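Undergrad: no FASTA, just this:
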């Protein structure tokens, strides 16, 4: 019993030592792991990000080609199965289909599905298909396909594009817009907030007037005005970069205010005075001493600001002021679900909506978890 109690005491002592000697990042990670919702959100977010990055490999077709399957316009999702009335198979399969119109259907196009044994189309894995570029290298291997014809597990839109391919590519595009916007906002916030908080006085007053002016700019009227001046000759890549830059230029004030507040409280600390006496320049003090003192909080703010950037891009593209076809983004795809005909007849158009909601919620859960984990008093509040 004495040996057990002594070993237990040693373990407790080591845990206490590890706690008091742990870095700020290790403490945040320890608190973050205790939050189940945040961990689930992080897992989902990682899967969505990887799905967007590797979308060309995970999807069977190039999502930008109009009329990819002209014989299956507004086609319902092809759900793979292993068994039917004709028996079971070790390989998943879908059915062949044929579009036709006649007097019986009032000359409307009707898709007839061949459920016979001859109508089966078996899924294949790692087939060769459309070429694509990934990490600077060209490939033409995809995760899955079918032995003949085409497969559309999320269905097709009115132009015959594969909705599954478009959805994963849209996630990548929306995340890319958010990343560029957050990066621009991050740099501006650190520069403006750092200078304002370190110097104070008149410089602080002028920069805060600029910050307040940017915060009062209404986003929708601003983009309506900018959309009127965007030339129709701009390429999709140019429009994509322009939207990302504008989102970054209007998204920095909140983080800049937080950086300023922290620097106002930290600039009179002894380590800052010691650096000044050693002849360190203001830029060096801000960059090497003040900003690293709350790096974890900056990371939390960046994660929290991501869903707002994605929401902004999606909202602007949804109302026609952001990205447009042939660019695949979540906002562009949500434009297709606004008609009553889609709601009544083509419900699979709503599949990207669920991915959009999942992406935003994952960011929110991770951001909330990081914010609580970065709070040094979070343990005492429980």
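TA: Noted; the coordinates are in hand. The structure presented is a predicted model; accordingly, all values stated were derived computationally and were not measured.

Undergrad: doesn't residue 323 fall inside a strand?
TA: No. Residue 323 sits outside any strand when classified using DSSP: H, G, I helix; E, B strand; the rest coil, being coil.

Undergrad: how deep is it tucked in, by neighbour count?
TA: With neighbours defined by other C-beta atoms under 10 Å, the count for residue 323 comes to 26. C-betas here are computed from N, CA, C, even on glycine.

Undergrad: quick check: it vs residue 359, distance?
TA: From residue 323 over to residue 359 the distance is 16 Å, taken as C-beta to C-beta, to the nearest Å.

Undergrad: now do residue 256
TA: When C-beta to C-beta is applied, the distance between residue 256 and residue 359 equals 26 Å.

Undergrad: all strands for the protein, in order.
TA: For the chain, the strands identified by DSSP state E occupy 81-84, 87-100, 110-114, 120-125, 128-134, 137-141, 144-146, in order along the chain.

Undergrad: out of those strands, which is closest to residue 250?
TA: Each of those was scored for nearness to residue 250 using C-beta to C-beta, and the closest is strand 128-134 (31.7 Å).

Undergrad: paired strands for the closest one, with orientation please.
TA: The pairing partners recorded for strand 128-134 under DSSP bridges are strand 137-141 (antiparallel).

Undergrad: state the mean pLDDT of the strand it pairs with.
TA: Per-residue confidence for strand 137-141 averages out to 90 on the pLDDT scale.

Undergrad: contacting residues around it?
TA: Here strand 137-141 makes contact (C-beta atoms under 8 Å, 6 or more residues apart in numbering) with 56-57, 126-133.

Undergrad: got the angle between that strand and strand 120-125?
TA: Using axes from the mean of the first three to the mean of the last three C-alpha atoms, to 10 degrees, the interaxial angle of strand 137-141 with respect to strand 120-125 works out to 150 degrees.

Undergrad: report the distance from strand 137-141 to the chain centre.
TA: Offset of strand 137-141 from its chain centre (C-alpha atoms, centre = their mean, to the nearest Å): 24 Å.

Undergrad: which parts of stretch 128-145 are buried?
TA: Of the residues in stretch 128-145, those scored as buried under the neighbour-count criterion (16 or more other C-beta atoms under 10 Å) are 129-130, 132, 142, 144-145.

Undergrad: possible to save those residues as CSV with distance to residue 191?
TA: Below are those laid out as CSV (distance: C-beta to C-beta, whole Å):
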residue, distance to residue 191
129, 46
130, 43
132, 38
142, 44
144, 47
145, 49
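
Undergrad: closest to residue 301 among these?
TA: residue 132 (34.6 Å).

Undergrad: and the gap between the closest one and residue 72?
TA: Relative to residue 72, residue 132 is positioned 22 Å away (C-beta to C-beta).
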